[in-house]
Structures are given as structure tokens and as C-alpha cells.
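Q: okay, sequence plus prediction incoming.
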Amino acid sequence: MYSILVVDDSPMIVDVFVAMLERGGYNPFAAYGGRECLEMLKEVQPDLILLDIMMEPMDGWETLENIKTNPEFRDVPVMMLTAKQLTPGEAQEYGAYIEDYIMKPTTHRQLYDAIEYVLKRQERILAEVEEANSSGANPDRIEEFERLSKSVDVSKRLLTILESTYNLGDDHLDVSENISQAIKSMEMSISFQEERLIQLREDLKK
């Protein structure tokens with residue numbers, strides 16, 4: 001049974017998601033803010049953290065940075081579960097730290113599917129890494145492959161959210177040049193990373 005830490009400064013929202021997770025067969029824990037989350041991680045290491053952004057006094061992004069800069073629990077996967085619309089700047093700044101970005105409200109099925117997707121992706125990447133290690137592949141290339149495998153997938157999911165948020169396909173909507181350029185830059189970055197990932201996967205199979 002996967003253990004999942006729900007972090008939100010609204011007790012009502014925490015209770016809702018704890019109930020949803022219990023119903024889905026998960027083992028949920030609750031933290032009612034960023035600082036409480038960091039304290040709990042010293043005692044328990046969940047399989048996944050569901051983290052809200054709009055919290056006080058420590059918001060979700062600050063909490064995320066504290067998690068990912070601490071060697072003790074930086075490897076715990078974090079999924080943002082929030083009502084805040086994602087911006088291109090946030091996608092670029094925090095994309096490397098997170099596993100997914102889910103908008104509230106969400107259905108039971110959407111939540112379960114997102115959680116299972118993240119956990120299965122992690123298991124798949126670890127299996128590929130173990131296979132590469134056992135074959136004696138170059139450790140630096142294995143590390144880069146592991147990082148890019150997650151990064152490309154997360155970035156593509158974040159890009160889909162941004163394209164939907166700003167309706168880039170709708171010619172009648174006026175999207176600012178800065179946002180449009182930021183999203184195009186993200187597309188190019190993903191393309192380069194995908195090419196490198198393909199190359200690494202081929203190298204590791206030799």
C-alpha cells in the first residue's frame with residue numbers, strides 16, 4: 001500500500017483528499033502547512049507528496065524548494081495538487097522538482113490515475129537504470145538518462161497544461177508575446193531533450 005502525504009493549509013480540503021485516498025486504497029498522512037510537512041518528513045518518508053501552492057505563511061513553492069534541497073528527503077516524489085493556474089515561469093523554474101501538476105477540483109478517478117502514472121513511471125525508470133547498471137554502462141550516462149527520462153515526461157505534461165490554460169490554438173484570444181515566447185522556448189527545450197534521451201537510450205543498450 002502506497003503512503004501519500006497530503007499538504008494543504010485548509011483542514012477541510014485535507015480531509016476531503018485523505019478520504020479520497022483511503023477510498024482508493026492508499027495510506028494517507030496529513031500536514032496542514034509547509035512547515036508541518038517538513039517536520040513530518042523527518043519522521044516518515046511517504047511514497048508521494050500531494051502539495052498545494054497557495055498556503056500561508058510558507059507557500060507550496062517554498063515548501064517544494066525546502067524538500068528538494070534537503071538530502072534526507074529530496075528523493076520523495078512531489079505532485080502539485082492546486083487550484084492555482086500554472087504559469088510558464090513556474091513550469092520552467094520548478095519543472096525539474098515536480099512529478100505532475102493536477103488542478104483542483106479533481107475527481108477520484110483523475111487523482112488515482114495521476115498518482116498511479118507517477119509511481120509507475122518512477123518504477124519503470126528505476127528498472128531501466130538497474131538494467132543499465134548491471135550491464136556496466138557509464139555511470140554518468142546512466143545518471144543523465146535517469147534525469148532526462150523524468151524531465152522530458154514532466155515537461156511535456158506541463159506544456160500540455162500551459163497550452164490548454166492559454167488556449168494557444170484559439171486565434172481569437174490575445175496571448176501576450178512573453179507567454180507565447182516562453183511556451184515556444186519550452187517546446188524547443190523538450191525537443192532537444194528528447195533527442196538526447198533517444199541517443200542515451202541507444203548508447204545504454206550497446
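A: Arrived safely. Not measured: the values here are computed from a predicted model. Numbering: from 1, shown residues only.

Q: would you confirm that Ala96 belongs to a strand?
A: No. Per DSSP: H, G, I helix; E, B strand; the rest coil, Ala96 lies outside any strand segment and is coil.

Q: surely it and Ser151 touch.
A: Yes. Contact between Ala96 and Ser151 holds when scored by C-beta atoms under 8 Å: they sit 6.2 Å apart. To be clear about C-beta, it is placed using only N, CA and C from the backbone, and glycine gets the same treatment.

Q: which of those two has more residues huddled nearby?
A: Neighbour count, other C-beta atoms under 10 Å: between Ala96 and Ser151, Ser151 has more, with 16 against 12.

Q: could you say which helix or strand holds that one?
A: Taking DSSP states H and E as the definition, one finds Ser151 inside helix 139-165.

Q: ok, then the element right after that helix?
A: helix 177-205.

Q: hmm, back to that, buried ones in the helix holding Ser151?
A: Using 16 or more other C-beta atoms under 10 Å as the test for burial, helix 139-165 gives 142, 145-146, 148-155, 157-159, 161-162, 165.

Q: same question, stretch 111-122
A: Of the residues in stretch 111-122, those buried (16+ other C-beta under 10 Å) are Leu111, Tyr112, Ala114, Ile115, Val118, Leu119, Arg121, Gln122.

Q: contacts for the host helix or strand of Ala19, please.
A: Per DSSP H and E: Ala19 is located in helix 11-23. The contact list for helix 11-23, computed with C-beta atoms under 8 Å, 6 or more residues apart in numbering, reads 4, 6, 8, 27-28, 30-32, 50, 52, 81, 104, 108, 111.

Q: and that helix, how far out from the chain middle?
A: 20 Å (C-alpha atoms, centre = their mean, to the nearest Å).

Q: now do stretch 3-13
A: The chain centre lies 17 Å from the centre of stretch 3-13; the measure is C-alpha atoms, centre = their mean.

Q: and it, how far apart are its ends?
A: Chord length of stretch 3-13, first to last residue, is 18 Å (C-alpha to C-alpha, to the nearest Å).

Q: now that stretch: buried residues?
A: Within stretch 3-13, the residues scored as buried using 16+ other C-beta under 10 Å are Ile4, Leu5, Val6, Val7, Asp8, Asp9, Ile13.

Q: can you tell me how far the residue positioned nearest the centre of the chain is from Leu5?
A: Residue closest to the average C-alpha location in the chain (C-alpha atoms, centre = their mean): Glu99, at 1.7 Å. Separation of Glu99 from Leu5 (C-beta to C-beta, to the nearest Å) stands at 13 Å.

Q: hey, what's in contact with both of the two?
A: Contacts common to Glu99 and Leu5, judged by C-beta under 8 Å, 6+ apart, are Leu48.

Q: ok, and what's touching stretch 91-110?
A: Contacts for stretch 91-110 (C-beta under 8 Å, 6+ apart): 13, 20, 23-24, 48, 61, 64-65, 67-68, 77-83, 85-86, 111, 114, 117-118, 121-122, 150-151, 154-155, 157-159, 161-162, 182, 186.
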